[in-house]
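Peer 1: Got a predicted structure plus its sequence, pasted below:
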Amino acid sequence: MTAASFTSAAHQTLICDTPRPGVGRITLNRPTVMNAYSFTMTQELLAAIAAYRDDDDLRALIITGSGTRAFCTGGDISSADPDHSRKVRTQPMGHGREMREGMQAVTLALRVLDKPSIAMIRGYAVAGGLALATACDFRYAAASARLGDTSGKVGLLPDEGGAWLFPRAMGLDRALRMTLLSEIYDAPKAAEYGLVTEVVADEALEETTLAFAEALASRAPLAVRLTKMMMSRAAGLSLEESIADAQMAVMIANPSEDVREGLKAFFEKRPPKFAGR
């Protein structure tokens, strides 16, 4: 698969581009509703994430929102996709199916993705939007960004994955308080609580995030993918099981062309040119 397939797919709710070599970017493009997701958006996100995953030329992914008001404010409760919602919700277990096939599937796709992902956050990232951000590996937030879980304000739940993601990012007590009281934090407080990787001045956010993504894309692709898989799995494994994982991974990485190139470049005192093989 080539970068053209990532950027050329026709989307109603997304913009996909490659702003730097090796870097893919998905922009949620529903600014009039603060980039709230619809079922259509979730299906397009799943397709775009899969296209990024399968494109060997793309090695880092940025997910962001259009405009400056919001990264994503969660599910669109203004009757988006009414025909789909009416059809699904009238079926037995319909609400569960709608979530399973929608944003929950996006959360899972990002968590099992074996390439790095970065949420670039301007404005609000709340409710399901915060779940989308915390499903990414890194979160770069503008200083003016606001993050929290507002789902409880209307009696909804952190059901896009937040019940699993939020406590792992900030601890159970803080996650419970945030959700039960519908708290929203400024970017520095969100970083203090573990929801944000780095806070960046508003005017520097895009360049800083792109530079970080480009740095990730310059690393040895096999090592990056295997390291992410090892660390993601390790949280649910014993040390013995994690070390066994590493034994399997080195049998792929150590004999690779990338390792030979990396060692050769080291001794020749030049930057390596990794091919992902």
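Peer 2: Perfect, I can see it now.

Peer 1: which residues in this structure form helices?
Peer 2: Listed in chain order, the helices of the chain (DSSP state H) span 3-8, 39-54, 82-89, 94-101, 103-112, 128-135, 162-170, 172-180, 187-192, 205-217, 221-234, 239-253, 257-268.

Peer 1: weakest of these in terms of mean pLDDT?
Peer 2: Of all the helices of the chain, mean pLDDT reaches its minimum on helix 82-89 (a mean of 59).

Peer 1: Just put the helices of the chain in JSON lines and tack on distance to Pro31.
Peer 2: Bear in mind the C-beta positions are built from the backbone N, C-alpha and C, glycine included. As requested, these are exported to JSON lines (distance: least, C-beta to C-beta, whole Å):
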{"stretch": "helix 3-8", "distance to Pro31": "20"}
{"stretch": "helix 39-54", "distance to Pro31": "13"}
{"stretch": "helix 82-89", "distance to Pro31": "21"}
{"stretch": "helix 94-101", "distance to Pro31": "24"}
{"stretch": "helix 103-112", "distance to Pro31": "19"}
{"stretch": "helix 128-135", "distance to Pro31": "13"}
{"stretch": "helix 162-170", "distance to Pro31": "23"}
{"stretch": "helix 172-180", "distance to Pro31": "26"}
{"stretch": "helix 187-192", "distance to Pro31": "20"}
{"stretch": "helix 205-217", "distance to Pro31": "16"}
{"stretch": "helix 221-234", "distance to Pro31": "31"}
{"stretch": "helix 239-253", "distance to Pro31": "42"}
{"stretch": "helix 257-268", "distance to Pro31": "40"}
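
Peer 1: what would those helices look like in CSV with distance to Ile121 and mean neighbour count?
Peer 2: Formatted as CSV, these follow (distance: least, C-beta to C-beta, whole Å; neighbours: other C-beta atoms under 10 Å):
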stretch, distance to Ile121, mean neighbour count
helix 3-8, 22, 16
helix 39-54, 16, 20
helix 82-89, 27, 13
helix 94-101, 23, 15
helix 103-112, 15, 19
helix 128-135, 6, 30
helix 162-170, 14, 19
helix 172-180, 16, 16
helix 187-192, 8, 18
helix 205-217, 8, 19
helix 221-234, 21, 17
helix 239-253, 31, 12
helix 257-268, 32, 13
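
Peer 1: Figure out which of those is closest to Ala141.
Peer 2: helix 187-192 (4.5 Å; C-beta to C-beta).

Peer 1: I figured Ala9 was touching Ala47, is that so?
Peer 2: Yes. Between Ala9 and Ala47 there is a contact under C-beta atoms under 8 Å: 6.6 Å.

Peer 1: per-domain residue ranges of this protein.
Peer 2: Here the domain parsing of the chain from automatic domain parsing is 3-217, 221-268.

Peer 1: can you redo these as TSV with distance to Phe274?
Peer 2: Converted to TSV, those look like this (distance: least, C-beta to C-beta, whole Å):
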stretch	distance to Phe274
domain 3-217	9
domain 221-268	5
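
Peer 1: show me the contacts for the residue sitting nearest the centre point of the chain.
Peer 2: Against the mean C-alpha coordinate of the chain, by C-alpha atoms, centre = their mean, the closest residue is Cys136 at 2.7 Å. Taking C-beta atoms under 8 Å, 6 or more residues apart in numbering, we find Cys136 in contact with 63, 110, 117-119.

Peer 1: Can you tell me the closest non-neighbouring residue to Ala275?
Peer 2: Distances taken as C-beta to C-beta, 6 or more residues apart in numbering place Glu257 nearest to Ala275, at 6.1 Å, with adjacent residues excluded.

Peer 1: measure that neighbour to Ala223 for me?
Peer 2: Using C-beta to C-beta, to the nearest Å, Glu257 is found at 12 Å from Ala223.

Peer 1: Spit out the residues that contact these two alike.
Peer 2: With C-beta under 8 Å, 6+ apart, Glu257 and Ala223 have no common neighbours.

Peer 1: Which phi and psi values does the nearest residue to Ser151 once chain neighbours are set aside adopt?
Peer 2: In space, and not counting its chain neighbours, Ser151 is closest to Ala127: 4.4 Å by C-beta to C-beta, 6+ apart. Main-chain dihedrals, Ala127, degrees, to the nearest 10: phi 50, psi -130.
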